[in-house]
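1. sequence first, predicted coordinates after that:
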Amino acid sequence: MNILYLTIATRKNQKMTRSIIDECIANGHKVFVVCPYDVEDTPLPFFTMIDGAHYLFVKSGYPVGKVGVAKKVKNFLSIDHQFQGAIKNALKTTKIDLVLYSTPPITLVNTIAWAKKRYNAFTYLMLKDIFPQNAVDLGMMRDKGLMGIPFKWFRKKEKKLYRISDFIGCMSQANVNYVLKHNHEVAKEKVGICVNSYSVQDPVKVDAYEVRAKYNIPSDKVVFLYGGNLGKPQGLDFLVEVMKSNKDKKDRYFVICGGGNDQKKVENYLETYHPENAQFVRMLPPNEFDRLTRACDVGMVFLDKRFTIPNFPSRILSIMLNEKPVLAATDVNTDVGIVIKEGDFGWWCASGELNKFNLYLDEICSNREEIARKGANARSYYEENYTQKNTYQQIISGLESIKRNYQ
């Protein structure tokens with residue numbers, strides 16, 4: 001089977017994407033990856049082979065991450081045209097059986113519709129981002145009145161994306177339920193689960209004392225690590241509130257590692273209060289971040305309490321992969337807490353429940369045996385549910401159900 005894989009992630013940010021690509025190749029499929037290129041002064045587009053996959057690099061503004069709103073909108077609007085043009089030129093005579101893609105952005109919808117018709121291919125959406133409702137939840141967009149015009153335009157695009165997708169794979173059951181509840185025109189049989197995943201790797205072996213010393217992290221405290229994007233979706237006000245309420249506690253230490261549009265909230269707290277039990281570390285390369293994770297005790301996950309859509313943050317996987325328990329504070333609509341309880345690999349409360357979160361911190365610091373037990377459970381649950389083999393089998397299962405519906 002020939003697979004056309006569309007992603008807005010640049011190659012250096014394709015850890016999750018690449019694991020699925022590798023699994024498809026391992027199962028005998030040929031994969032053509034179309035993605036933006038992040039190196040300046042390079043003639044684009046260009047076509048090349050990398051680790052068994054055919055890569056078509058497209059000149060395109062990067063539409064996610066630490067990008068200003070105006071530029072982000074511009075990049076969103078232009079990327080569809082750029083992708084379609086590059087594919088037309090590079091894959092004129094190639095047979096494509098399956099078009100595989102994930103959100104964001106929904107604005108690739110015209111490329112997907114064109115490819116579906118051009119190649120007479122099946123289409124599979126891996127739904128990672130329910131946009132534009134997530135922007136409304138965070139107050140970045142309005143859904144009513146004159147200011148709601150952009151929302152209505154994006155919502156129309158979203159509905160078209162669901163319509164032209166033969167199958168919609170969602171990150172969790174809560175996402176499945178949400179899509180069906182808010183999009184009555186979507187048939188129940190074309191929606192299922194397609195989990196976030198990484199490839200299975202042995203846990204990184206590190207000398208925890210050495211790594212902690214490198215970052216001036218105390219060796220005798222329980223270390224809570226938050227790593228990843230520091231943006232509006234994470235609801236960092238609550239993270240800052242947690243650190244502020246624990247700044248005099250001597251048995252715990254907070255490490256915040258990452259970057260994003262809201263990282264100043266963390267930096268301002270540290271510069272204002274000068275806590276002795278917290279520090280900020282700028283974004284690290286993936287391998288070094290895994291070493292840091294292994295040297296800490298508990299991985300933290302935060303989501304903004306205003307979300308009405310059920311996000312399932314991929315950051316949780318790197319915590320589980322490194323045999324660490326998860327301490328999560330999220331909105332009440334996600335099923336992250338249900339999964340954590342089912343796998344017995346951590347603790348969950350609603351974002352904003354400061355007393356409950358602090359009780360968990362006290363409980364963890366007074367019972368270090370639980371850290372090791374829940375960490376082992378996290379790794380086991382990951383291997384059972386969130387490997388690239390799980391995702392691949394879910395994609396193939398969805399494809400088989402598509403073919404049955406076409407018969």
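-> Arrived safely. Residues are numbered from 1 along each chain as shown.

2. how does this protein divide into domains?
-> Listed by automatic domain parsing, the domain ranges of the chain are 2-197+387-406, 208-385.

3. determine how far the last residue of the shortest one lies from the first.
-> This points to domain 208-385. Taking C-alpha to C-alpha, to the nearest Å, domain 208-385 runs 28 Å from one end to the other.

4. among the domains of the chain, which gets the worst mean confidence?
-> In terms of average pLDDT, domain 2-197+387-406 trails the rest of those, at a mean of 86.

5. what distance separates the start and the end of that one?
-> Start-to-end, domain 2-197+387-406 (C-alpha to C-alpha) is 19 Å.

6. what's the answer for stretch 178-190, then?
-> Taking C-alpha to C-alpha as the criterion, the two ends of stretch 178-190 lie 14 Å apart.

7. in the stretch 201-350 of the chain, which spans are helices?
-> Along the stretch 201-350 of the chain, the stretches classed as helices by DSSP state H, counting those that start in this stretch are 208-214, 236-245, 263-273, 286-295, 315-321, 336-343.

8. so which of the ones you listed gets nearest residue 112?
-> For residue 112, the closest of the helices of the stretch 201-350 of the chain is helix 315-321, at 26.2 Å, according to C-beta to C-beta. C-beta: built from backbone N, CA, C; applies to glycine.

9. thinking again about what came up before, could you dump the domains of the chain to a markdown table with mean neighbour count?
-> As requested, the domains of the chain are exported to a markdown table (neighbours: other C-beta atoms under 10 Å):
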| stretch | mean neighbour count |
| --- | --- |
| domain 2-197+387-406 | 17 |
| domain 208-385 | 19 |
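
10. quick check, residue 113 in contact with residue 166.
-> No - taking C-beta atoms under 8 Å as the definition, residue 113 is not a contact partner of residue 166, at 12.0 Å.

11. shared neighbours, the two?
-> Common contacts of residue 113 and residue 166 (C-beta atoms under 8 Å, 6 or more residues apart in numbering): none found.

12. please name the bridge partners of residue 167.
-> residue 124 (DSSP bridges).

13. how about the contacts made by it?
-> 122, 123, 124, 125, 190, 191, 192, 398, 399, 401, 402.

14. which ones among these map onto helices?
-> When DSSP state H defines the helices, the subset of the contacts of residue 167 inside them is 398, 399, 401, 402.

15. correct me if wrong: the second one contacts residue 98.
-> Read that as residue 399. Yes - Residue 399 is within contact range of residue 98, at 6.5 Å (criterion: C-beta under 8 Å).

16. what touches both of these two?
-> Shared contacts of residue 399 and residue 98, counting by C-beta under 8 Å, 6+ apart, come down to 122, 124.

17. where does residue 205 land on pLDDT?
-> At residue 205, pLDDT is 86.

18. if I look at it, how far off is residue 23?
-> 25 Å (C-beta to C-beta, to the nearest Å).

19. can you check residue 315 too?
-> From residue 315 to residue 23 the distance is 21 Å (C-beta to C-beta).

20. can you pull out the strands in the chain?
-> 2-6, 30-36, 46-50, 53-58, 98-102, 122-127, 167-170, 191-193, 222-229, 252-259, 278-282, 298-302, 326-330, 346-350 (DSSP state E).

21. using a markdown table, lay out those strands together with distance to residue 145.
-> As requested, those are arranged in a markdown table below (distance: least, C-beta to C-beta, whole Å):
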| stretch | distance to residue 145 |
| --- | --- |
| strand 2-6 | 34 |
| strand 30-36 | 34 |
| strand 46-50 | 45 |
| strand 53-58 | 36 |
| strand 98-102 | 31 |
| strand 122-127 | 28 |
| strand 167-170 | 30 |
| strand 191-193 | 31 |
| strand 222-229 | 30 |
| strand 252-259 | 34 |
| strand 278-282 | 39 |
| strand 298-302 | 31 |
| strand 326-330 | 30 |
| strand 346-350 | 30 |
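
22. who does residue 299 form a beta bridge with?
-> residue 225, residue 326.

23. hang on, it packs against residue 326?
-> Yes - between residue 299 and residue 326 a contact is recorded at 5.5 Å, counting by C-beta under 8 Å.

24. so what sits against both of the two?
-> Joint contacts of residue 299 and residue 326 (C-beta under 8 Å, 6+ apart) are 316, 319.

25. ok, residue 333 - contacts?
-> Taking C-beta under 8 Å, 6+ apart as the test, what residue 333 contacts is 174, 178, 307, 308, 309, 310.

26. what separates it from residue 304, distance-wise?
-> Taking C-beta to C-beta, one finds residue 333 at 11 Å from residue 304.

27. what of residue 359?
-> For residue 359, the distance to residue 304 - C-beta to C-beta - is 22 Å.
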